[in-house]
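Asks: Here is a sequence with its predicted model. Questions after.
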Amino acid sequence: MDAGHKFQVRKLEILDKSKGFIELLQQLTICDSVSDKDFEERFQEINSFGDDHLICVIEDDHSGKIIATGSVFIEKKFLRNCGKVGHIEDVVVDSAARGMQLGKKIIEFLTDHAHSMGCYKVILDCSLENKAFYEKCGYRQKEVQMVKYFV
């Protein structure tokens with residue numbers, strides 16, 4: 001991939017499944033194949049939340065493949081005068097497209113969206129290997145993440 005590409009961040013579209021969206025998520029974590037029907041149902045469900053749940057992508061304008069993605073959902077709270085918190089999740093850049101600032105573009109897009117929605121903070125979880133990347137994006141470590149899986 002050359003630097004001559006113009007990589008625009010945009011919202012996920014229904015046709016992005018055929019452009020390698022699920023395969024890209026598989027580079028991040030366990031993500032089984034998703035049927036067209038299941039993809040469409042989940043896409044419509046997420047869309048029904050409007051700006052409270054946004055998935056964005058970057059499409060390579062030459063290959064037509066989705067090469068970066070991330071999502072943010074807005075949690076409504078009673079704290080801080082019924083404030084809102086943005087949660088960034090599922091950020092991944094295709095292994096062949098890393099080092100071109102695409103992850104930074106995704107994070108900036110999602111962070112700006114949360115800010116425009118009135119969030120007083122944005123939070124995310126990351127691996128220790130990715131800590132420096134998120135620090136370059138203006139994030140800092142706070143506390144400790146805990147998890148409990150049910151499967």
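Replies: Now that the structure is in, tell me what you want to look at. Residues are numbered from 1 along each chain as shown.
Asks: Select the longest helix from this protein.
Replies: helix 102-116 (DSSP state H).
Asks: after it comes which helix or strand?
Replies: strand 119-124 (DSSP states H and E).
Asks: Off-centre distance for that following strand?
Replies: Computed by Cα atoms, centre = their mean, to the nearest Å, the chain-centroid distance of strand 119-124 equals 14 Å.
Asks: send the alpha carbons of it over as PDB?
Replies: Only the C-alpha atoms of strand 119-124 are listed here, as PDB (Å, rounded to 0.1, in the frame of the first residue of the first chain):
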ATOM      1  CA  CYS A 119     -19.500  12.700  26.800                       C
ATOM      2  CA  TYR A 120     -17.400  13.900  29.700                       C
ATOM      3  CA  LYS A 121     -14.800  11.200  29.100                       C
ATOM      4  CA  VAL A 122     -14.000   8.300  26.700                       C
ATOM      5  CA  ILE A 123     -12.600   5.000  28.000                       C
ATOM      6  CA  LEU A 124     -11.100   2.000  26.400                       C
END
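Asks: quick one: strands adjacent to it?
Replies: Using DSSP bridges, strand 119-124 pairs in its sheet with strand 84-93 (parallel).
Asks: which parts of the strand it pairs with are buried?
Replies: Residues of strand 84-93 classed as buried by neighbour count (16 or more other Cβ atoms under 10 Å): 84-88, 91-93. For every residue, glycine as well, the C-beta is placed using N, CA and C.
Asks: of the residues you listed, closest to Tyr139?
Replies: For the buried residues of strand 84-93, the minimum distance to Tyr139 (Cβ to Cβ) is 9.0 Å, reached by Ile88.
Asks: residues in contact with the closest one?
Replies: Ile88 makes contacts with 70-72, 107, 110-111, 114, 122-124, as judged by Cβ atoms under 8 Å, 6 or more residues apart in numbering.
Asks: Can you tell me which of these lies closest to Lys37?
Replies: Nearest to Lys37 among the contacts of Ile88 is Ser71, at 21.1 Å by Cβ to Cβ.
Asks: did I read that right, the closest one in a strand?
Replies: Yes. Ser71: assigned to a strand according to DSSP: H, G, I helix; E, B strand; the rest coil.
Asks: tell me the contacts of it?
Replies: Contact analysis of Ser71 by Cβ under 8 Å, 6+ apart lists 53-56, 88-91, 110.
Asks: for it, which residues make a bridge with it?
Replies: Ile55, Glu89.
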